[in-house]
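> Kindly generate the corresponding structure for this input.
(2 chains)
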Protein chains: 2
Amino acid sequence: MRSVFRISALCIALLLVATPVLAAKKVRWKLAMTWSSTLTPFATAPLTLAKMVEEMSGGNFVIRVEGSEKHKAALGILDMTKGGQYEMGHSASYYWKGKDIATVFFCTVPFGMNADEQNGWFYHGGGMELMQKTYDKFKVLSFPGGNTGVQMGGWFQKEINSLDDLKGLKMRIPGLAGEVFAKLGVNVTNIPSGELYTSLDRGTIDALEWVGPAMDIKMGFHKIAPYYYTGWHEPATELQFLINKRAYDKLPPEYQAMLTTAMKAVTADLYTDNFAGSVDAWDKMKTEYPNIVVKTFPPEVLQAMKKAADELYSEYAAKDESFKEVFESQKAYMKKARIWTNISEYNYIKTSQELTQ
Amino acid sequence: MRSVFRISALCIALLLVATPVLAAKKVRWKLAMTWSSTLTPFATAPLTLAKMVEEMSGGNFVIRVEGSEKHKAALGILDMTKGGQYEMGHSASYYWKGKDIATVFFCTVPFGMNADEQNGWFYHGGGMELMQKTYDKFKVLSFPGGNTGVQMGGWFQKEINSLDDLKGLKMRIPGLAGEVFAKLGVNVTNIPSGELYTSLDRGTIDALEWVGPAMDIKMGFHKIAPYYYTGWHEPATELQFLINKRAYDKLPPEYQAMLTTAMKAVTADLYTDNFAGSVDAWDKMKTEYPNIVVKTFPPEVLQAMKKAADELYSEYAAKDESFKEVFESQKAYMKKARIWTNISEYNYIKTSQELTQ
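This is a model prediction of the structure:
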């Protein structure tokens, strides 16, 4: 009986002392991204999320991240997450506008909120609730996945001085912004990303929009198009984490907490990574290609774009009840948030500009 | 011997199967805040951090958060974290300017970077490394702890139309901004927060600055002072998490990862909470007190402030090598970052303003 006692004591000692820090349930997930694994800083967010979760769980909760080069279904992320082939996805909500037009508001819309305002709306203006309501029917959870801030209006071969200059212009510009431009007579096309440089260089298209300096610099457009127009169409492009609801519900609460905390952390990182990436990329572009000119569309053109965008929103709202609901929620929040943006961030930069003139 | 075998088997079964999801090392920490436990959204960040860490660790890593109402040492956070009475602190780096003047740059400085630019500098411009170098001598780790964005320039009983209006003005404005104002003839005072309302109401002071609408509304200044000046002096006030280095080094790597991930998450939350709080508070103030006027200091006054600030920076840089090093790092980063801010966020809001005129 002494040996029994000894083994029991050892057993208790093992349980109390020698258990690893996290003797945890093993969970292995897969996450599919719309982007390739090398498309930084977009791909950085899920890759860092996986690293954080793995470290926090002592290697027990592992998320394998797959880029589009592997799964070959860049625009299948929602379906694959819903179906459970992947427990998670990283994409952008406006890719699902064919399934539900209201999804655009959880990414960005022409003349919409900036990133600060959109985050305010998500967390304090009912946005998160409206987003989940929209995604409930797909049986997935949706979370913000990192914001690019104001995207640039694109690279143009010729200056746009009037509405006439838009008529017949061949441009790659997707989404609602493309629909706005189409209303103004632009010949809107979509071209796979791998062919964009050649298309612009050979004159197959006259203009295109991509993201901003951080990501545009790798595409090389600044080497072949002199005009870089400021943004109006994607003022706060929010990427998206999707999670299969059944998979999430099966996670131990500790892992759920790790996942939601890590999503918040990498979402903030992505905004900063993209901002800082644009700071450096713009500095480099402008140094190497000093003839690049930053232009803002003239008032006549901007007013026509705004009018076309407002018409588009009215048309969709008349056809679709959930579009109307989310649109009105954003509109009301943006109205009061913009007053504060104007007083605070905008006014500070304006004051600083005036001081250096 | 059969019973020995049985107990051994039970022992192994227990270890392999019946261990809880996180059979973890128990760690109990204390965190001291500069603020009281009810001062939202500042206090929300460490309180949420503690909640996240507790949830992620299955209740095994517990951080007890104490506000200034308990420890009575609002400005003793660095000393108490260094000394180990508290493993962590939540404060603001500029409170330590008496110990090391370079600490101001890890919070905010007059006419400095905005929040986006400062985050870019922290994570991609060498800021984190310079901050840790500065705090190494205190044997603590320092991390960003949440940013207020552009703070308002304060509440004034009278309009400021010229430099003469500043001469002899009695104002509560702490830190470097106070030193700038002192150079312009302002009679700078410091008054405990509990006495501010009465001091402004009775004319003991003519003006004061606090934070912005989200936090000012609780103080009630808008009821007694009609002019609310826009910001110049704290364009991106970053709060700070401090961690005792020895305590951090003793943590299991899983808990270190939980802590750093949760700090990032709540840091992002604080910015959004304060932005959205200001949106709502400003809306409420302006509705209830429609006579509040938002003013920007006239160009003559702003130019004099800028000149005084530049002089101050030169004076400190001449005296202090580490001040000079951090100042020059920020100045170089800000120069290139501001170009991108102007093209992107600033230009978008400007365009939107012009469209609604």
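
> from here on, contacts and neighbour counts on C-alpha atoms
OK.

> right, and the secondary structure at residue A:211 would be what?
Counting by DSSP: H, G, I helix; E, B strand; the rest coil, the backbone at residue A:211 sits in coil.

> where does it fall, phi/psi-wise?
phi -130, psi -80 (degrees, to the nearest 10).

> which residues touch it?
A:148, A:151-152, A:154 (C-alpha atoms under 8 Å, 6 or more residues apart in numbering or on different chains).

> Quick one: the strands in chain A, in order.
With DSSP state E as the criterion, chain A has strands at A:27-33, A:61-66, A:88-92, A:140-147, A:154-156, A:170-172, A:187-189, A:207-208, A:227-229, A:238-244, A:293-295.

> coming back round to it: intersect the contacts of residue A:211 with the contacts of chain B.
By C-alpha under 8 Å from any C-alpha of the partner chain, the members of the contacts of residue A:211 lying near chain B are A:151-152.

> So what angle separates the directions of the lengthiest helix in chain A and strand A:238-244?
The residue-count maximum for a helix in chain A (DSSP state H) belongs to helix A:253-288. Per axes from the mean of the first three to the mean of the last three C-alpha atoms, to 10 degrees, the angle that helix A:253-288 makes with strand A:238-244 is 150 degrees.

> didn't residue A:147 look like it was pressed against residue A:115?
Yes. Applying C-alpha atoms under 8 Å, one finds residue A:147 in contact with residue A:115, separated by 6.8 Å.

> Common neighbours of the two, please.
Joint contacts of residue A:147 and residue A:115 (C-alpha under 8 Å, 6+ apart) are A:236-237.

> which of the two has more neighbours?
Set residue A:147 next to residue A:115 and count neighbours by other C-alpha atoms under 10 Å in any protein chain shown: residue A:147 wins out with 30 against 22.

> Quick check: that one vs residue B:234, distance?
25 Å (C-alpha to C-alpha, to the nearest Å).

> do the same with residue A:223
39 Å.

> Tell me, how many residues neighbour residue A:100?
Residues near residue A:100, counting by other C-alpha under 10 Å: 16.

> ah, wrong one, I meant residue A:348
Counted with other C-alpha under 10 Å, residue A:348 comes out at 26.

> Surely it touches residue B:236?
No. Using C-alpha under 8 Å, residue A:348 is not in contact with residue B:236; the gap is 10.5 Å.

> which residues do those two both contact?
With C-alpha under 8 Å, 6+ apart as the test, residue A:348 and residue B:236 both reach residue B:150.

> Please name the residues that touch the residue positioned nearest the centre of chain A.
For chain A, residue A:239 is the residue whose C-alpha lies nearest the centre (C-alpha atoms, centre = their mean; 2.3 Å). Residue A:239 makes contact with A:90-93, A:107, A:144-147 under the criterion C-alpha under 8 Å, 6+ apart.

> if we go to 7 Å?
Under the criterion of C-alpha atoms under 7 Å, 6 or more residues apart in numbering or on different chains, the neighbours of residue A:239 are A:91-93, A:107, A:144-147.

> deepest of the strands of chain A, which one?
Of the strands of chain A, the one with the most neighbours on average (mean count of other C-alpha atoms under 10 Å in any protein chain shown) is strand A:88-92, at a mean of 29.

> Which other helices and strands does it contact?
strand A:27-33, helix A:77-83, strand A:238-244 (3 or more C-alpha pairs under 7 Å, 6 or more residues apart in numbering or on different chains; DSSP states H and E).

> rerun that using 6 Å as the cut-off
strand A:27-33, strand A:238-244 (3 or more C-alpha pairs under 6 Å, 6 or more residues apart in numbering or on different chains; DSSP states H and E).

> And the contacts of it?
The contact list for strand A:88-92 (C-alpha atoms under 6 Å, 6 or more residues apart in numbering or on different chains) reads A:31-34, A:77, A:81, A:239-243.

> what does stretch A:282-289 give?
residue A:213.

> what comes up buried for it?
Buried residues in stretch A:282-289, counted by 16 or more other C-alpha atoms under 10 Å in any protein chain shown: A:282-283, A:285.

> can you put those in JSON lines and add pLDDT?
Formatted as JSON lines, these follow (pLDDT from 0 to 100):
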{"residue": "A:282", "pLDDT": "98"}
{"residue": "A:283", "pLDDT": "97"}
{"residue": "A:285", "pLDDT": "97"}
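
> any idea which of the residues you listed is closest to residue B:102?
residue A:283 (27.4 Å; C-alpha to C-alpha).

> For the stretch 101-250 of chain A, which residues are neighbours of chain B?
A:120, A:150 (C-alpha under 6 Å from any C-alpha of the partner chain).

> the helices in the stretch 101-250 of chain A, which residues?
Ranges of helices in the stretch 101-250 of chain A, per DSSP state H, counting those that start in this stretch, are A:115-124, A:127-136, A:175-183, A:196-202, A:213-219, A:245-250.

> for the ones you listed, which one sits closest to residue A:294?
Nearest of these (C-alpha to C-alpha): helix A:213-219, 11.8 Å.

> Tell me the helices and strands packed up against the closest one.
Looks like helix A:213-219 contacts helix A:253-288 (3+ C-alpha pairs under 6 Å, 6+ apart).

> Run the chain-centre distance for the helix it packs on.
11 Å (C-alpha atoms, centre = their mean, to the nearest Å).

> Mean pLDDT added to the helices of the stretch 101-250 of chain A, as a markdown table?
Listed next are those as a markdown table, based on pLDDT from 0 to 100:
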| stretch | mean pLDDT |
| --- | --- |
| helix A:115-124 | 98 |
| helix A:127-136 | 98 |
| helix A:175-183 | 96 |
| helix A:196-202 | 97 |
| helix A:213-219 | 96 |
| helix A:245-250 | 98 |
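
> Out of these, which one sits most buried?
helix A:115-124 (a mean of 22).

> the inter-axis angle of it versus helix B:253-288?
100 degrees.

> Point out the other helices and strands that helix A:115-124 packs with.
Against helix A:115-124 (3+ C-alpha pairs under 6 Å, 6+ apart) you get no helix or strand.

> could you redo the last one with a cut-off of 7 Å?
Looks like helix A:115-124 contacts helix A:321-341, helix B:253-288 (3+ C-alpha pairs under 7 Å, 6+ apart).

> wouldn't residue A:29 be in contact with residue A:62 here?
Yes. Between residue A:29 and residue A:62 there is a contact at 6.2 Å, judged by C-alpha atoms under 7 Å.

> Find the residue closest to residue A:221 in space, skipping its chain neighbours.
Among residues not flanking residue A:221 along the chain, residue A:197 sits closest, at 6.4 Å (C-alpha to C-alpha, 6 or more residues apart in numbering or on different chains).
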